[in-house]
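Student: Quick one: sequence plus predicted model below, questions after.
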Amino acid sequence: QVQLVESGGGLVQAGGSLRLSCAASGGTFSTYDMGWFRQAPGKEREFVAVINWSGSSTYYADSVKGRLTISRDNAKNTVYLQMNSLKPEDTAVYYCARRRTHTTVRGTQTYEYDYWGQGTQVTVSS
């Protein structure tokens, strides 16, 4: 059974940085694209970033482009989200997920992902 465990969330001031990690177990991590999504209170879960299986290709939501960076280490079965220049509107629970299908070109839809972590809270104060 595949398990994804996020860590690294916390409380940070606007302009600060955090690095999220997502450790995978129970599957062939290196053969799957991986994504990060987030969900703020009262809002739908939204796409943040995706990285292909080898790490050679990434794609970001416009709202985070230039500030957040997704990366992966297949030797450690881990995907990362480096978050810089954080804003209060980045406050949300952040989830990593494994992409199962390629229905869309970019992998921005939640239905393309089959396994999800439990989430880690990121709070950015103004």
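Tutor: Structure received.
Student: can we go C-alpha only for contacts and neighbour counts from here?
Tutor: OK.
Student: Give me the contact list for the helix or strand containing Leu4.
Tutor: In this structure, Leu4 sits in strand 3-7 according to DSSP states H and E. By C-alpha atoms under 8 Å, 6 or more residues apart in numbering, the residues outside strand 3-7 that reach it are 20-26, 95-97, 115-120.
Student: now do 7 Å
Tutor: Strand 3-7 has contacts (C-alpha atoms under 7 Å, 6 or more residues apart in numbering) with 20-26, 96, 116-120.
Student: strands paired with that strand, and their directions?
Tutor: strand 18-25 (antiparallel) (DSSP bridges).
Student: so after the strand it pairs with, what's the next helix or strand?
Tutor: Per DSSP H and E, the first helix or strand lying C-terminal to strand 18-25 is strand 34-39.
Student: quick one: contacts of that following strand?
Tutor: Here strand 34-39 makes contact (C-alpha under 7 Å, 6+ apart) with 45-52, 92-99.
Student: Show the model's pLDDT score for the most centrally placed residue in the chain.
Tutor: Geometric centre of the chain, nearest residue: Trp36, 2.0 Å, by C-alpha atoms, centre = their mean. Trp36 is assigned 98 on the pLDDT scale.
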